[in-house]
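**Student:** build me a model:
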Amino acid sequence: MSSGPVAKIARLLPTYYIAEGASNASQNLGSVGSNLLDIGVVLGSTIVLLALSAWALCRQSAVLAMI
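**Tutor:** Presented below is the predicted three-dimensional model:
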């Protein structure tokens, strides 16, 4: 992959690591470290998004309870 500005921005998104992992798996490429990085980024972002969703739902229910 090139190292242009678009490629650098794409690496900030978790979907990049999903696509890279799927591509490496289908071509039988990648190393243990590369695979662990892909899995770690996807799991980490999933945990963060789940925590943010739970916080938002708790906050919304607290606001609705006050009404």
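**Student:** please count neighbours and contacts with C-alpha atoms only from this point.
**Tutor:** Will do.
**Student:** helix, strand, or coil at Leu37?
**Tutor:** helix (DSSP: H, G, I helix; E, B strand; the rest coil).
**Student:** how many residues are close by it?
**Tutor:** 14 (other CA atoms under 10 Å).
**Student:** and the gap between it and Arg11?
**Tutor:** Leu37 sits 12 Å away from Arg11 when distances are taken as CA to CA, to the nearest Å.
**Student:** just Leu49 next, same as before
**Tutor:** Per CA to CA, Leu49 is found 18 Å from Arg11.
**Student:** and Gly40, how many neighbours?
**Tutor:** If you count neighbours by other CA under 10 Å, Gly40 ends up with 14.
**Student:** what stretches of this structure score poorly on pLDDT?
**Tutor:** 1-2 (pLDDT under 70).
**Student:** okay, helices next: where are they in it?
**Tutor:** For the chain, helices defined by DSSP state H occupy the ranges 5-10, 14-26, 32-66.
**Student:** the spatially closest residue to Pro14 that is not a sequence neighbour: how many residues sit nearby?
**Tutor:** With CA to CA, 6 or more residues apart in numbering as the criterion, Pro14 has its nearest non-adjacent residue at 5.9 Å, and that residue is Val42. Neighbour count for Val42, taken as other CA under 10 Å: 17.
**Student:** doesn't Leu13 make contact with Val42?
**Tutor:** No: in this structure, Val42 is not within contact of Leu13 by CA atoms under 8 Å, at 9.6 Å.
**Student:** returning to that earlier point: tell me which of the helices of the chain sits most buried.
**Tutor:** With neighbours taken as mean count of other CA atoms under 10 Å, these reach their highest mean count in helix 14-26, at a mean of 15.
**Student:** quick one: contacts of that helix?
**Tutor:** For helix 14-26, contacts defined as CA atoms under 8 Å, 6 or more residues apart in numbering pick out 10-11, 30, 35, 38-39, 41-42, 45.
**Student:** which among those residues gets closest to Cys58?
**Tutor:** Comparing the contacts of helix 14-26 against Cys58 with CA to CA picks out Ser45 as the nearest, at 19.9 Å.
**Student:** what about the residue nearest to the closest one when sequence neighbours are not counted, distance to Leu49?
**Tutor:** Counting by CA to CA, 6+ apart, Pro14 is the residue found nearest to Ser45 once chain neighbours are left out, at 6.9 Å. From Pro14 across to Leu49, the span is 11 Å (CA to CA).
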